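Peer 1: Structure, please.
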Amino acid sequence: MGPKEIERRLDLFTQRLRDAGIKLTSQRMAIFRAIAASEQHPDAETLYRELKESCPSLSIDTVYRSLWLLAELGLVSTVGQRHEAVRFDVNLSRHHHFVCIRCGSIQDFYSPQLDRLDVAEEVQDFGAFISSQVEVRGICKKCETGTDQ
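Peer 2: Below you'll find the model as predicted:
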């Protein structure tokens with residue numbers, strides 16, 4: 001992801017907050033900037049650890065509240081199961097995830113083939129279908145080889 005994509009995301013963030021009449025605080029901007037620049041699908045605790053030195057007045061509660069606000073505004077989505085730490089994803093384009101079962105890393109991937117999957121008719125018994133996203137679980141190359149590459 002390049003700087004232009006990060007700037008596009010920041011512009012969208014700023015506009016959505018303005019449209020919703022929500023104050024653009026320096027803490028919200030720092031949180032969104034960190035998640036917009038990350039491809040790691042960070043959880044709230046990771047973002048807090050990353051930002052607490054540069055934003056000493058930031059609390060973990062502020063990070064959680066800001067992330068849930070971003071989710072309500074449609075600027076991030078959640079990834080992973082609810083019993084695990086909730087991870088947040090700013091990439092709202094149609095994509096899928098590879099999740100490493102050893103280290104927990106999450107990588108985005110794109111697949112027109114998976115985008116065309118038909119959802120089983122049985123899903124209609126649960127309610128109205130809106131969208132689907134495939135989560136592939138496995139062992140990442142880093143864990144498989146025991147290297148950082």
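
Peer 1: host element of Cys143?
Peer 2: For Cys143, the element it lies in under DSSP states H and E is helix 141-145.

Peer 1: What average pLDDT does that helix get?
Peer 2: Throughout helix 141-145, pLDDT has a mean value of 91.

Peer 1: hey, C-alpha coordinates of that helix in PDB?
Peer 2: Taking C-alpha atoms only, helix 141-145 is exported to PDB below (Å, rounded to 0.1, in the frame of the first residue of the first chain):
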ATOM      1  CA  LYS A 141       5.900 -18.800   5.400                       C
ATOM      2  CA  LYS A 142       7.600 -17.100   8.300                       C
ATOM      3  CA  CYS A 143       6.300 -19.700  10.800                       C
ATOM      4  CA  GLU A 144       6.800 -22.500   8.300                       C
ATOM      5  CA  THR A 145      10.500 -21.700   7.700                       C
END
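
Peer 1: and it, what other elements does it pack with?
Peer 2: Contacts defined by 3 or more C-beta pairs under 8 Å, 6 or more residues apart in numbering; DSSP states H and E place helix 141-145 against no helix or strand at all. Every C-beta, even on glycine, is put in place using the N, C-alpha and C of the backbone.

Peer 1: What residues of that helix count as buried?
Peer 2: Counting neighbours by 16 or more other C-beta atoms under 10 Å, one finds that helix 141-145 has no buried residues.

Peer 1: what does stretch 99-114 give?
Peer 2: If you call a residue buried by 16+ other C-beta under 10 Å, then stretch 99-114 has these buried ones: 99-100, 104, 106-107.
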